[in-house]
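[1] Got a sequence here, can you build the structure:
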Amino acid sequence: MRRWGPLAIAVVAVVAAACSAVGTDGTATPSPRPSVLRKVPWEGGPAYYARFGAAARAGWTKPSFFPIGIWYASVHTAAEVAQDKAAGINTYVELTEDSDVRLLRSEGMSALTSGPLPGAGTETVGWLIGDEADMWGGPGDGVWTGAQTFDGTACADKDRPCGYTAMRALAAAVPKDDRLRYANYGKGVMYWESDEQAAKFVNGFTDVVSTDLYWYTNVYACDEARSFMKLPPDQCRLAANYGAIIDRQRRLDARDGRLQPVYAFIELGYPGKKATGVIRPEQMKGAVMSSLIHGARGLVYFNHSFGGSCQSMNLLRDHCGDAIRPAVIEINRQIATLAPVLNTQSYEYGFAPGLDTMVKRYKGSYYLFAMVARGARAGGRRFDLPPVLAGAKKAEVLFEDRTVPIDAGGFTDTFDAEYAYHIYKIAP
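    Take a look at the predicted model:
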């Protein structure tokens with residue numbers, strides 16, 4: 001697949017000169033070049049979707065649109081769509097075969113499905129060509145039986161992995177049109193496979209990619225991460241590790257010099273019958289924010305819950321999701337509010353040890369997203385600001401109804417837990 005330009009276009013050396021910032025209409029507008037900041041490589045933001053006519057017609061090129069999806073839902077009534085939309089969802093990532101996609105069109109919702117559903121039209125912006133083929137198929141060109149299962153029947157020869165074969169076949173099976181192609185992967189891409197093996201999955205078949213690994217709830221994640229990543233047990237069940245998934249995919253994606261959007265996958269309940277427990281609302285919000293800070297360009301919620309005392313196929317609609325739903329609505333509203341900011345290119349800068357940060361510039365102000373890094377303790381932090389913000393007097397803490405004073409070129413704030421985050425707006 002062709003993707004947005006070479007990697008080199010995203011990285012610029014910065015000195016005291018003029019540069020361009022992305023305006024609300026997606027066009028470049030003159031702005032002062034930050035003196036010690038450099039841009040983070042990216043795929044191009046909303047403009048990336050302009051090459052896919054279906055996505056462009058659905059409004060995906062607008063700076064105000066940030067993809068927020070739910071996994072494998074059913075849609076039978078207008079009330080269901082309205083409920084999902086009220087929760088901040090704008091995209092369905094796979095739908096049951098009996099779903100009525102006409103209801104999506106009437107509400108301006110989008111869909112990525114594994115094939116055309118009856119009545120499909122402008123709501124279908126892309127094709128889901130595979131889910132976790134890196135796990136059930138493995139990194140290889142063996143014979144694929146057509147099964148997408150974890151019982152050993154996917155490959156004709158158990159000693160010859162067939163994941164690449166399966167992905168080629170699945171990609172060939174969807175219509176060849178102006179819709180984007182998307183696939184989700186899992187632990188194979190994250191840590192079972194070598195960089196070379198995983199990169200073939202990430203770079204070979206898609207226009208948009210994601211990887212799911214449920215750090216807070218997966219029973220086996222910590223033992224496997226200790227084995228494959230040398231990750232200490234006390235650094236496993238952290239919000240910061242959801243950002244590590246994004247980092248891993250972005251590194252793999254950059255190997256071919258062409259970048260694509262990387263989406264985050266976040267669980268809302270028990271993703272398996274065996275789980276460590278349900279993800280807590282504050283953990284879910286931290287996982288989302290960590291993903292965004294590390295460069296996620298979209299978000300998909302795993303909204304099923306297969307374990308525990310209250311099982312559900314859609315936690316955003318029924319009573320099993322009563323505990324998590326308000327937090328989902330809250331973080332989605334924050335994302336929607338900040339979509340024009342999130343849809344600009346990030347700058348690199350180390351503000352403080354022990355923090356993961358992302359900084360963006362929008363309409364003359366700088367937006368600093370920050371949370372505790374993996375391996376660091378919660379607590380107070382001193383932020384040292386770049387010279388471009390030397391004249392700032394205060395930082396507005398968004399969504400918290402407070403400000404923090406800036407003095408001597410920086411400010412101090414506190415992070416109460418590993419999943420805590422703050423978003424600051426600073427005007428030079």
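[2] What residues does the residue nearest in space to the middle of the chain make contact with?
    With distances taken as CA atoms, centre = their mean, the chain has Ala264 as the residue nearest its mean C-alpha position (2.6 Å). Shown in contact with Ala264 (CB atoms under 8 Å, 6 or more residues apart in numbering): 210, 242, 245-246, 287-288, 291-292, 296, 298-300. In short, each C-beta sits where N, CA and C put it, glycine included.
[3] Poorly predicted segments of this protein, please.
    1-36 (pLDDT under 70).
[4] what about Arg248, distance to Ser309?
    34 Å (CB to CB, to the nearest Å).
[5] With neighbour numbers in mind, choose between these two.
    Arg248 (21 against 7; other CB atoms under 10 Å).
[6] need the contact list for the closest residue to Ala78 other than its chain neighbours.
    The shortest distance from Ala78 to any residue other than its chain neighbours is 5.5 Å, reached at Leu103 (CB to CB, 6 or more residues apart in numbering). Contacts for Leu103 (CB under 8 Å, 6+ apart) come out as 75, 77-78, 80-81.
[7] Equivalent analysis for Tyr185, please.
    132-135, 198, 201-202, 209-212.
[8] returning to that earlier point: check the contacts of Leu103 and tell me the two furthest apart.
    Val75 and Ala78 (9.1 Å; CB to CB).
[9] Compare those two and say which one has the larger neighbour count.
    Val75 (22 against 13).
[10] residues touching the closest residue to Leu117 other than its chain neighbours, list them.
    Nearest non-adjacent residue to Leu117, counting by CB to CB, 6+ apart: Val101, 5.2 Å away. Residues in contact with Val101 (CB under 8 Å, 6+ apart) are 75, 95, 111, 117-121, 123-124.
[11] Secondary structure added to the residues you listed, as a markdown table?
    Output for the contacts of Val101, formatted as a markdown table (DSSP: H, G, I helix; E, B strand; the rest coil):
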| residue | secondary structure |
| --- | --- |
| Val75 | coil |
| Leu95 | strand |
| Ala111 | strand |
| Leu117 | coil |
| Pro118 | coil |
| Gly119 | coil |
| Ala120 | coil |
| Gly121 | coil |
| Glu123 | coil |
| Thr124 | strand |
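[12] tell me which of the residues you listed is nearest to Ala420?
    Using CB to CB, Ala111 is the member of these that lies nearest Ala420, at 34.2 Å.
[13] isn't Ala56 right up against Ala47?
    No. Here Ala56 does not reach Ala47: they are 9.8 Å apart, not a contact under CB atoms under 8 Å.
[14] Mind checking which of the contacts of Tyr185 are in strands?
    Judged by DSSP state E, the contacts of Tyr185 include 209-211 as members of strands.
[15] which one of these has the most neighbours?
    Ranking these using other CB under 10 Å puts Ser210 first, with 29 neighbours.
[16] The stretch 1-150 of the chain: strands as residue ranges?
    For the stretch 1-150 of the chain, strands defined by DSSP state E, counting those that start in this stretch occupy the ranges 4-6, 18-22, 28-32, 38-39, 68-73, 91-95, 110-113, 124-131.
[17] From the contact counts, what lies against the shortest one?
    I take that to be strand 38-39. strand 346-348 (3 or more CB pairs under 8 Å, 6 or more residues apart in numbering; DSSP states H and E).
[18] other SSEs contacting the strand it packs on?
    Strand 346-348 packs on strand 38-39, strand 355-362, going by 3+ CB pairs under 8 Å, 6+ apart.
[19] what does it contact?
    Under CB under 8 Å, 6+ apart, the answer for strand 346-348 is 34, 37-40, 42, 295, 358-361.
[20] And those residues, which of them are buried?
    34, 37, 39-40, 42, 295, 358-361 (16 or more other CB atoms under 10 Å).
[21] how about those residues, which pair is most distant?
    It's Pro34 and Gly295 that sit farthest apart of the buried ones among the contacts of strand 346-348, by CB to CB, at 18.7 Å.
[22] Need the residues that contact the longest helix along the chain.
    Assignment by DSSP state H gives helix 325-342 as the longest helix of the chain. Here helix 325-342 makes contact (CB under 8 Å, 6+ apart) with 24, 63-66, 68, 86-89, 268, 281-282, 284-285, 288-289, 292, 299, 301, 315-316, 321, 360, 362, 367, 398-399, 423.
[23] again, only this time at 7 Å
    With contacts defined as CB atoms under 7 Å, 6 or more residues apart in numbering, helix 325-342 is touched by 24, 63-66, 68, 87-88, 268, 281, 284-285, 288, 292, 301, 315-316, 360, 362, 367, 399.
[24] Among the residues you listed, which are located in helices?
    281, 284-285, 288, 292.
[25] Save the residues you listed as TSV, and put in neighbour count too.
    Shown next, in TSV, are the ones in helices among the contacts of helix 325-342 (neighbours: other CB atoms under 10 Å):
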residue	neighbour count
Pro281	18
Met284	24
Lys285	22
Val288	26
Leu292	27
